[in-house]
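Chemist: I would like the atomic coordinates for the input below:
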Amino acid sequence: MINRLEASTFMLRVVLGISFFVHGLDKFQGGIGNVAGWFDSIGLPGGFAYVVALVELVGGLALVLGLGTRIVAAFISLLMVGAIVKVKLAAGFLNGYELDLAFLAIAVFLAINGSKMLAVDQLISNWKENRSENNRAV
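Modeler: All right, here's what the predicted structure looks like:
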């Protein structure tokens, strides 16, 4: 029987992953140089745009695959805190930071709990465990 909590966590992981993958892809396709210029204009180093876009793109894909979920979610949490504080807070809750706050809550949940269902991490863990058991049996 499927654990409902794990199934729900899986859905959160995949939705957050797809959302961030698309955001990262958009930054690269829309011209990462433009994003870097915008970062400069709000007082952040322009090169940081590349870091953010890479975390979003690669991290989003990693979340979908369930690879390094806790670590990736922690990085996304940091990105969301930065986005809320530096950019969205001044706009207010509505049409401001409400989506970022939801993303932050999901990312913190995943950073704390992880997600094992249909996750590459779980396959690796099972493989290591089976390998260890086989070595002990010999």
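Chemist: contacts for whatever helix or strand residue 124 lives in next, please.
Modeler: Assigned by DSSP states H and E, residue 124 belongs to helix 120-137. Applying C-beta atoms under 8 Å, 6 or more residues apart in numbering, the contact partners of helix 120-137 are 65, 66, 67, 68, 69, 114, 116. (Glycine included, C-beta is placed from N, CA and C.)
Chemist: how many other residues sit next to the last one?
Modeler: When you say that, I think you mean residue 116. Counted with other C-beta atoms under 10 Å, the neighbours of residue 116 add up to 18.
Chemist: please apply the same query to residue 114.
Modeler: With other C-beta under 10 Å as criterion, residue 114 counts 19.
Chemist: on that earlier part again, what residues sit buried inside the helix holding residue 124?
Modeler: residue 121 (16 or more other C-beta atoms under 10 Å).
Chemist: quick revisit: need the contacts of helix 120-137 in TSV with secondary structure, pLDDT and distance to residue 56, can you?
Modeler: Formatted as TSV, the contacts of helix 120-137 follow (DSSP: H, G, I helix; E, B strand; the rest coil; pLDDT from 0 to 100; distance: C-beta to C-beta, whole Å):
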residue	secondary structure	pLDDT	distance to residue 56
65	helix	98	15
66	coil	98	17
67	coil	98	15
68	coil	97	15
69	helix	98	15
114	coil	96	20
116	coil	94	23
